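S.K.: What follows is a predicted structure for the sequence shown.
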Amino acid sequence: MSGRTESGEMGSVVLRSRVSLWTGAFTGFYRPTVDEARALDAVSRFLYSARCIILVISAQAALIAGLLAATDRQFSWLAFALVLVGLVAAHMISNLSNDYFDFRRGNDTPESPRRRYTLHPMASGVLEPRIFAAGLALLAAAALAIAAFFIVERGWTAVAFAAAGTALLFMYDAAPVPLKSIGLGELAVFLVWGPLMIGGGYAMITGHVAAAPLLASIPYGLGVMSILVGKHTDQMEFDARRNIHTLPVLVGEGAARAINIAIVASMYVVAFALIAFGWLSPFVGAIAIALPRAIRTLALVSRPRPAQPPEGYVGWPLWYHRACLTHNRLFGWLYILGIAAGAIWPSPM
C-alpha cells in the first residue's frame, strides 16, 4: 500500500511539474533556450515553439468581445468559450505557419532575429515533424469545428468573418507574395486583432454586427499593431537584406519609430474620444493607469536601439517589440477592467 501511495505522490509531483511548465509557456518573456527545451516534454516543447507568450493578445481580444456582449446583455457562455478557444487556436496556427513558411523560404537563417530571441520549431530541432504535424492538426480541427458551429448558428455573418480571418492569415505569410513583405502586414494585424477578433467575436456571441464593438476594437487593434511595428523595426536591417519589405524597411527607421509613437498615442486618443462620445463606459478611463508605462515606451521608441542589450536582457535582438508588448499587455488588462465595470454598472449615457 505504501509503495502505491508513494507512486501516486510521485505521479502527482510529475503532473504538477508539467502543468507548471505548460503554464510557464504563457508567462514571462521568450524562454527557454534551445538546450533547455530539448529536455522538456513534447507538450511543453510545442507550446514554447508556438510562442504562447504572445497569445495573451488574442485572449484579451476575446475577453473584450465577450464583455461588450455582456454590456449589451447578450452574453452567452458557450459562444464566448468557443470564441476564446477559436481565436487562440487561430493565433497559434498563425505563429507556426509564419515559422514554417519563413523557414521554407530560407529567411530564418542562424543569424536571423527569429532564431536568436526564442525557439524555432523547425530550425532548432526541438520539435519533431510528427509532433509539429499532430499539434497543428489538433489546432486546425478545433478551429474548423468552431467555425462550423458558428456558421450553422450565425449563418453568413460567420462565413464573412471566418473567410476574412482565414484570408488574412494566409496572405500574411503563406501567400506567394506575403503581406508582410510589401508593407501591409502591420495593417493586417490591426484589422485582425481589432475589427475581426473583437467586432467578429461580438457578432458570434450576440448573433449580430454592431458599430460600438467595431469602434471599441480600434484602440486595442492599434496596440497590437504597435507590437508588430516595433518587432519589424528591431529586425529591419535583416529584413532589408532578405528583400522583406515590411513597413519599417519601406519608410526607414526614424519614420517607423515616429509612426509607432503615433500609434501608441492614438490608442489613448481614440479610447478617450469613444468615452467622451458615449461609445465606451467612463470606467474605461482606467487605462490612464497605463499612461506612465506608455510614456516610458514612447521615450524608448523615440531613441535609437542600443548596439548591445543590457546585462541579463531576455529576448534580444527584440527591443522596441518588447516595450510595446509589455505596454499593450497592461493597456489591454485595464481596458478589459474598464469594460467589465461598465458591464456591471452601465452608464446612463
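M.R.: Sure thing, it's come through. Because the structure is a prediction, the values reported are computed rather than measured.
S.K.: what separates A133 from L127, distance-wise?
M.R.: Look at A133 and L127: by Cβ to Cβ, to the nearest Å, they are 10 Å apart. Bear in mind the C-beta positions are built from the backbone N, C-alpha and C, glycine included.
S.K.: Next: V152.
M.R.: 34 Å.
S.K.: And those two? Which one has more around it.
M.R.: L127 (24 against 9; other Cβ atoms under 10 Å).
S.K.: Doesn't that one lie inside a strand?
M.R.: No: using DSSP: H, G, I helix; E, B strand; the rest coil, the assignment for L127 is coil, not a strand.
S.K.: Nearest spatial neighbour of it, chain-adjacent residues omitted?
M.R.: P121 (4.2 Å; Cβ to Cβ, 6 or more residues apart in numbering).
S.K.: Look up how far W316 lies from that neighbour.
M.R.: P121 is 20 Å from W316, by Cβ to Cβ.
S.K.: Who has more neighbours out of the two?
M.R.: P121 (26 against 17).
S.K.: from what I can see that one touches N98, true?
M.R.: No: using Cβ atoms under 8 Å as the test, P121 is too far from N98 to be in contact (10.5 Å).
S.K.: how far away is P292 from A299?
M.R.: For P292, the distance to A299 - Cβ to Cβ - is 11 Å.
S.K.: Actually, A307.
M.R.: Taken as Cβ to Cβ, the span from A307 to A299 is 19 Å.
S.K.: Could you check which of these two has the larger neighbour count?
M.R.: Taking other Cβ under 10 Å, A307 and A299 do not tie; A299 has more neighbours (11 against 5).
S.K.: Which pLDDT value belongs to that one?
M.R.: Listed pLDDT for A299 reads 97.
S.K.: which SSE is it in?
M.R.: Per DSSP states H and E, A299 falls inside helix 291-301.
S.K.: got the buried residues for the helix or strand following that helix?
M.R.: For helix 291-301, the following helix or strand on the C-terminal side (DSSP H and E) is helix 320-344. Residues of helix 320-344 classed as buried: 320-325, 327-343 (neighbour count, 16 or more other Cβ atoms under 10 Å).
S.K.: tell me, what residue is most central in this protein?
M.R.: Closest to where the C-alpha atoms of the chain average out (Cα atoms, centre = their mean) is I57, at 3.8 Å.
S.K.: list the contacts for that residue?
M.R.: I57 is in contact with 91, 193, 224, 227, 328-329, 332, counting by Cβ atoms under 8 Å, 6 or more residues apart in numbering.
S.K.: let's see 10 Å
M.R.: 87-88, 91, 189, 193, 197, 220, 223-224, 227, 325, 328-329, 332 (Cβ atoms under 10 Å, 6 or more residues apart in numbering).
S.K.: Below-threshold pLDDT in the stretch 1-150 of the chain: ranges please.
M.R.: 1-35, 37 (pLDDT under 70).
S.K.: All the helices of it, in order from the start?
M.R.: Here the stretch 1-150 of the chain has its helices, by DSSP state H, counting those that start in this stretch, at 2-24, 34-37, 42-49, 56-71, 77-104, 113-117, 129-154.
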